[in-house]
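Colleague: got a predicted structure here, sequence first:
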Amino acid sequence: MTRLIQILCGFMVAAPLWAAGNGPGLMDAKIDLSDQASLQRGARIFVNYCLSCHAAAYMRYNRLGEDLGISDDVLKENLMFGTDKIGSTMTIAMSKADAEQYFGVAPPDLSVIARARGADWLYTFFMTFYRDPSRPLGANNLVFKDVAMPNVLWELQGWQRPVYKQKTNAKGNTVNKFDHLEYETTGILSDKEYKKTVQDLVNFMVYLGEPIKLKRQMIGTWVMVYLLILLVIVYLLKQEYWRDIR
């Protein structure tokens with residue numbers, strides 16, 4: 001059911017863009033919650049690039065450390081910039097009023113954004129920012145048109161620009177249709193490195209939305225094994241019980 005909701009949310013946002021020919025299909029985020037090193041890198045990226053504007057108020061730093069194998073000292077030195085209490089939640093100092101003044105809308109809490117949007121949607125979102133001088137913050141996005149968020153990862157990725165091709169519509173008029181994005185300037189990271197960085201970030205955000213998921217799946221596996229063993233035992237007991245009655 002959760003996966004169905006994610007798919008529907010992503011489709012509702014992206015479908016108008018696909019229909020208009022203005023955007024790409026969603027890219028595969030290749031999520032792997034068992035990759036602890038990826039989750040650790042994603043946590044670092046999230047704290048450095050997202051947490052200044054977006055809170056993750058349903059997650060506590062000590063829970064983060066326990067799940068990802070990060071010591072309290074490393075947490076305090078590298079991931080905790082707004083508080084010195086290890087049990088604090090991942091909140092931000094910026095008030096809602098200030099956020100609305102700066103961006104026109106208060107940035108949403110990202111605790112469960114991966115469950116609402118889907119991992120592939122988030123991955124595509126971070127991959128498809130492009131320069132748009134008509135926007136107040138100079139950036140736009142293919143899967144979230146007129147987004148109020150700036151391209152916070154532009155130093156890592158560089159800037160992209162949209163490339164259009166002339167096509168004839170049903171009325172016989174020539175119009176410009178989006179074709180693809182191309183790099184206008186390069187960033188600190190190569191294209192391959194940037195994709196890996198975004199993958200780590202989205203991986204962490206998926207963990208953030210359901211920290212218990214890996215343990216839940218493991219418990220579910222053991223429950224199924226237990227039930228199968230129990231089924232064999234019950235069947236043998238049934239055979240033994242009815243043996244003399246036949």
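Modeller: Yes, it's here.
Colleague: going by C-alpha atoms from here, please, whenever you check contacts or count neighbours.
Modeller: Noted.
Colleague: quick one: contacts for the nearest residue to V112 once chain neighbours are set aside?
Modeller: Once flanking residues are discounted, V112 sits nearest to G209: 4.2 Å by C-alpha to C-alpha, 6 or more residues apart in numbering. For G209, the contact set (C-alpha atoms under 8 Å, 6 or more residues apart in numbering) comprises 111-115.
Colleague: biggest separation within the residues you listed, which pair?
Modeller: Pairwise distances across the contacts of G209 (C-alpha to C-alpha) peak at 9.0 Å, for the pair S111 and R115.
Colleague: quick check: the gap between T89 and N173.
Modeller: T89 sits 55 Å away from N173, going by C-alpha to C-alpha, to the nearest Å.
Colleague: typo on my end, it should be G87
Modeller: Distance, G87 to N173, by C-alpha to C-alpha: 61 Å.
Colleague: neighbour-wise, which of these two wins?
Modeller: Neighbours were counted for G87 and for N173 using other C-alpha atoms under 10 Å; G87 has more, 13 against 9.
Colleague: you'd agree the more buried one is in a strand?
Modeller: No: under DSSP: H, G, I helix; E, B strand; the rest coil, G87 sits outside any strand and is assigned coil.
Colleague: secondary structure class for Y183?
Modeller: Per three-state DSSP, Y183 ends up strand.
Colleague: let me fix that: V163
Modeller: Going by three-state DSSP: V163 is strand.
Colleague: number of nearby residues for it?
Modeller: The burial count for V163: 12, using other C-alpha under 10 Å.
Colleague: give me the beta-bridge partners of it?
Modeller: Beta bridges link V163 to H180 when assigned by DSSP bridges.
Colleague: residue contacts, it?
Modeller: V163 sits next to 178-182 when contact means C-alpha under 8 Å, 6+ apart.
Colleague: give me the buried entries from those residues.
Modeller: Among the contacts of V163, those scoring as buried are 178, 181 (criterion: 16 or more other C-alpha atoms under 10 Å).
Colleague: looking at the contacts of V163, which is nearest P162?
Modeller: Looking across the contacts of V163 and measuring by C-alpha to C-alpha, the closest to P162 is L181, at 4.6 Å.
Colleague: for whatever helix or strand L227 lives in, the averaged confidence score.
Modeller: Using DSSP states H and E, L227 sits in helix 213-242. The average pLDDT for helix 213-242 rounds to 89.
Colleague: ok, now stretch 112-132?
Modeller: For stretch 112-132, the mean per-residue pLDDT is 95.
Colleague: could I get it in CSV with only the CA atoms?
Modeller: Taking Å, rounded to 0.1, in the frame of the first residue of the first chain, the C-alpha atoms of stretch 112-132 are listed here in CSV:
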residue,chain,number,x,y,z
VAL,A,112,8.8,11.6,5.5
ILE,A,113,9.3,13.2,2.1
ALA,A,114,10.6,10.0,0.6
ARG,A,115,7.4,8.2,1.6
ALA,A,116,5.3,11.0,0.1
ARG,A,117,7.2,11.6,-3.1
GLY,A,118,9.1,8.3,-3.7
ALA,A,119,12.8,7.7,-4.0
ASP,A,120,12.9,7.9,-7.8
TRP,A,121,11.1,11.3,-7.7
LEU,A,122,13.6,12.7,-5.3
TYR,A,123,16.5,11.4,-7.3
THR,A,124,15.1,12.9,-10.5
PHE,A,125,14.4,16.2,-8.7
PHE,A,126,18.0,16.6,-7.6
MET,A,127,19.3,15.7,-11.0
THR,A,128,17.1,18.1,-13.1
PHE,A,129,17.7,21.6,-11.7
TYR,A,130,18.5,24.1,-14.4
ARG,A,131,19.3,27.7,-14.8
ASP,A,132,16.3,29.9,-15.2
